[in-house]
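Engineer: Structure of the sequence below:
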Amino acid sequence: LFLLGFVFHQLFVTTWFAQQNNAALEDQALAYFATAEVQEVAYAEPGAPDLVDPDDNQSGSTGGGEPAEAPTLLVESPPPTGQPFAIIRIPTIERLAAGWTVVEGVSRADLKNGAGHMPTTPLPGQPGNSVISGHRTTYGAPFHELDQLVPGDTIEVTTALGVHTYEVQETIIVRPTEIWVTNDRPGAWLTLTTCHPKFSSRERLVVFASLIDGPNAGVIVG
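Structural biologist: The predicted structure follows:
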């Protein structure tokens, strides 16, 4: 009876409380959008040639035209750990069609409150590989149907900068020790991770999606 009660609590009670709590977390995220510091910073694509410094009179440029101006990115200040700072929406997954809050951090405490962004990776909408993890069977199970995603499906992540739209490219299953999936990569990517199979943490289900639209897409993607 104790074991049955524990399983019922983990699968259903924690999910009910998480779903009730998500509305409050979304309100906190919306409030955070209004207070987050946003800046424009110069962006140079990795491997691109250095641009001419317009203030350098000794540059020796012979092009005869105006020096090229560096493209700029919108960048927001990193949120504190535990802060609800984004909303993820996946139209093809019913429980995520209306959105689910993303908090900063992937500790056990953080993931009880929503999906969690790995702090060592870029924020959504920035160059590199932004990683978001979430439970699959407990605490709201935001990524319960993540295995239903197929290439071409879209994922939207709203932050203080606006809506960043990603397109699913690939879904793979890896061992928990294969942390290479969180490594940085060229362009702008969103990587979603959750346990696999359902009701087990033996493996990890990983979804890779590339940025196709949003405030910075024109600069990063070209």
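Engineer: just how off-centre is the longest strand along the chain within its chain?
Structural biologist: Secondary structure of the chain per DSSP state E: the longest strand is strand 162-174. Distance of strand 162-174 from the chain centroid (Cα atoms, centre = their mean, to the nearest Å) equals 9 Å.
Engineer: buried stuff in it?
Structural biologist: Neighbour counts over strand 162-174 (16 or more other Cβ atoms under 10 Å) mark G162, H164, T165, Y166, V168, T171 as buried. Bear in mind the C-beta positions are built from the backbone N, C-alpha and C, glycine included.
Engineer: tell me the contacts of the second one?
Structural biologist: Right, H164. Contact criterion Cβ atoms under 8 Å, 6 or more residues apart in numbering gives P124, G125, E156, V157, T158, L190, L211, D213, G214, P215, N216, A217 as the residues in contact with H164.
Engineer: any idea how far I132 is from it?
Structural biologist: For H164, the distance to I132 equals 12 Å [Cβ to Cβ, to the nearest Å].
Engineer: before we move on, what about N22?
Structural biologist: Counting by Cβ to Cβ, the gap between N22 and I132 amounts to 15 Å.
Engineer: Ok, R89 next?
Structural biologist: Distance check for R89 against I132: by Cβ to Cβ, it reads 12 Å.
Engineer: Point out where the protein drops to low pLDDT.
Structural biologist: 1-20, 46-68, 139, 199, 222 (pLDDT under 70).
Engineer: residue boundaries of the helices in it?
Structural biologist: 2-8, 14-35, 108-111, 217-220 (DSSP state H).
Engineer: Could you list the buried residues of stretch 25-45?
Structural biologist: Those would be L25, E26, A29, Y32, F33, A36, Y43, for stretch 25-45 by 16+ other Cβ under 10 Å.
Engineer: Skip the chain neighbours and tell me the closest residue to the third one.
Structural biologist: To tie it back to what came earlier, the one meant is A29. P84 (4.0 Å; Cβ to Cβ, 6 or more residues apart in numbering).
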